[in-house]
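In: Turn this into a structure:
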Amino acid sequence: MEFTALGKTGLKVSRLCLGTMNFGVDTDEKEAFKIMDMALDAGINFFDTANVYGWGENAGRTEEIIGRWFAQGGSRRERVVLATKVYGEMNNLLEGPNNTPGLSAYKIRRHLEDSLRRLQTDHIELYQMHHVDWSVTWDEIWGAFEIAVQQGKAGYIGASNFPGWKLMEAQKEAKARHFLGLVTEQHRYNLNCRLPELEVLPAAEYLGIGVIPWSPLDGGLLGGNALKKQPGSRTSKDGRIEKYRNQLEQYSGLCEELGESEDTVALAWLLSNPAVTAPIIGCRTVAQFEQSLKAVEVKLNEEALKRLDDIFPGPGGKAPEAYAW
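Out: Numbering: from 1, shown residues only. Below is the predicted model:
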């Protein structure tokens with residue numbers, strides 16, 4: 001496994017981040033435990049989750065599964081750089097009118113304590129805002145996160161689904177408070193979704209914020225099973241396949257020439273971008289996890305990168321040159 005700095009910090013994380021969104025949903029606890037054990041054995045030390053995972057009335061279930069895995073001991077917790085998120089609704093009726101998505105200081109404090117309890121730990125290395133809260137001031141947000149960092153309950157603060165200008169604003173406000181601010185931005189980014197190249201990636205790279213791509217296989221569309229009508233697979237019901245069939249067939253042909261799976265090439269393409277810290281591998285099974293590991297070993301040459309650009313054209317570069325002079 002290869003390692004890199006988490007954004008502009010001195011903390012080292014694996015180039016692949018284990019995503020846990022399926023744990024307790026499509027992946028039962030026993031399988032989840034196997035995947036997490038295998039991740040540590042493979043050198044992956046970066047695990048990502050969110051308080052809402054489990055979804056709906058089961059929100060929090062994924063964190064609970066991870067907490068029970070930590071509780072087995074064997075230095076599991078000590079070996080993991082743990083990331084979770086706050087913003088979503090947790091169906092806690094005791095919060096009354098505050099049982100809504102957002103980033104109030106009230107919510108950040110309460111939901112951090114709840115995550116720590118479910119995860120059976122006293123600290124989280126990376127605490128992330130799951131979305132922008134357009135109604136809350138940075139004074140309130142940074143004030144709440146500063147307390148969490150000072151208390152040792154959160155090591156670093158990250159964002160997710162922020163536009164480029166909001167990253168700049170966040171860092172400006174943090175600097176005024178003499179606070180480190182954001183160290184990561186978790187964003188939807190893959191071969192088939194390259195709009196972040198316009199603003200988000202350039203802003204993040206300029207600010208020293210590490211980009212953590214989610215949905216690196218675009219919900220399975222860029223995976224090896226996309227063109228195979230396998231009953232029960234996620235892509236078997238994906239209506240986008242016909243829309244992108246020509247591109248996917250070209251992509252599969254290129255991967256075959258390269259002697260690599262579609263999953264591996266999609267991850268290797270992300271890893272070739274200097275703005276990317278670690279794509280999230282959100283595997284449902286042990287087999288899918290094993291398939292993802294090879295990505296760090298694959299180095300795509302200039303010809304392969306050019307052909308991928310031809311198949312999945314990006315926006316043409318960063319703004320404004322991508323669409324203006």
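
In: As a check, name the ranges of all strands in the stretch 201-325 of the chain.
Out: 210-214, 280-281 (DSSP state E, counting those that start in this stretch).

In: Export those as TSV, with columns for mean pLDDT.
Out: Formatted as TSV, those follow (pLDDT from 0 to 100):
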stretch	mean pLDDT
strand 210-214	98
strand 280-281	96
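
In: would you list those in JSON lines and tack on distance to Cys255?
Out: In this view, the C-beta of every residue, glycine as well, is placed from N, C-alpha and C. Shown next, in JSON lines, are the strands of the stretch 201-325 of the chain (distance: least, CB to CB, whole Å):
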{"stretch": "strand 210-214", "distance to Cys255": "19"}
{"stretch": "strand 280-281", "distance to Cys255": "17"}
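
In: Tell me which of those strands lies nearest to Ala226.
Out: With respect to Ala226, and counting by CB to CB, the nearest of the strands of the stretch 201-325 of the chain is strand 280-281 at 16.6 Å.

In: Paired strands for the closest one, with orientation please.
Out: According to DSSP bridges, strand 280-281 forms sheet pairs with strand 17-19 (parallel).

In: Which residue ranges of the chain form helices?
Out: Secondary structure of the chain (DSSP state H): helices at 29-41, 61-70, 105-119, 138-150, 164-176, 200-207, 240-243, 245-258, 262-271, 286-292, 302-311.

In: which of these is buried the deepest?
Out: Of the helices of the chain, the one with the most neighbours on average (mean count of other CB atoms under 10 Å) is helix 262-271, at a mean of 24.

In: In CSV, list the strands of the stretch 201-325 of the chain along with distance to Val296 and mean neighbour count.
Out: Shown next, in CSV, are the strands of the stretch 201-325 of the chain (distance: least, CB to CB, whole Å; neighbours: other CB atoms under 10 Å):
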stretch, distance to Val296, mean neighbour count
strand 210-214, 14, 24
strand 280-281, 11, 23
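
In: Nearest to Met168 among these would be which one?
Out: strand 210-214 (14.7 Å).

In: Which one of the helices of the chain lies nearest to Gly219?
Out: helix 240-243 (8.4 Å).

In: And for the closest one, what's in contact with it?
Out: Contacts to helix 240-243, defined as CB atoms under 8 Å, 6 or more residues apart in numbering, come from residues Leu221, Ala226, Leu227, Thr235, Leu248.

In: gap between it and the chain center?
Out: Centroid separation for helix 240-243 versus its chain: 25 Å, with CA atoms, centre = their mean, to the nearest Å.

In: And the average pLDDT for it is what?
Out: Averaged over helix 240-243, pLDDT sits at 85.

In: what do you get for stretch 114-130?
Out: Stretch 114-130 comes out at a mean pLDDT of 98.

In: Where does the prediction get shaky in the stretch 201-325 of the chain?
Out: Along the stretch 201-325 of the chain, the parts satisfying pLDDT under 70 run over 229-238.

In: Pro216 is nearest to which of the helices of the chain?
Out: So among the helices of the chain, helix 262-271 is nearest, using CB to CB, at 5.6 Å.

In: Return that closest one as PDB; C-alpha atoms alone will do.
Out: Only the C-alpha atoms of helix 262-271 are listed here, as PDB (Å, rounded to 0.1, in the frame of the first residue of the first chain):
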ATOM      1  CA  GLU A 262     -12.500  -1.600 -15.500                       C
ATOM      2  CA  ASP A 263     -12.700  -1.100 -11.700                       C
ATOM      3  CA  THR A 264      -8.900  -1.000 -11.400                       C
ATOM      4  CA  VAL A 265      -8.500   1.500 -14.300                       C
ATOM      5  CA  ALA A 266     -11.200   3.800 -12.900                       C
ATOM      6  CA  LEU A 267      -9.400   4.000  -9.500                       C
ATOM      7  CA  ALA A 268      -5.900   4.200 -11.100                       C
ATOM      8  CA  TRP A 269      -7.100   7.200 -13.200                       C
ATOM      9  CA  LEU A 270      -8.200   9.000 -10.000                       C
ATOM     10  CA  LEU A 271      -4.900   8.200  -8.300                       C
END
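
In: surely Glu89 meets Pro101?
Out: Yes: if you go by CB atoms under 8 Å, Glu89 and Pro101 touch, sitting 5.3 Å apart.

In: Great, nothing more from me.
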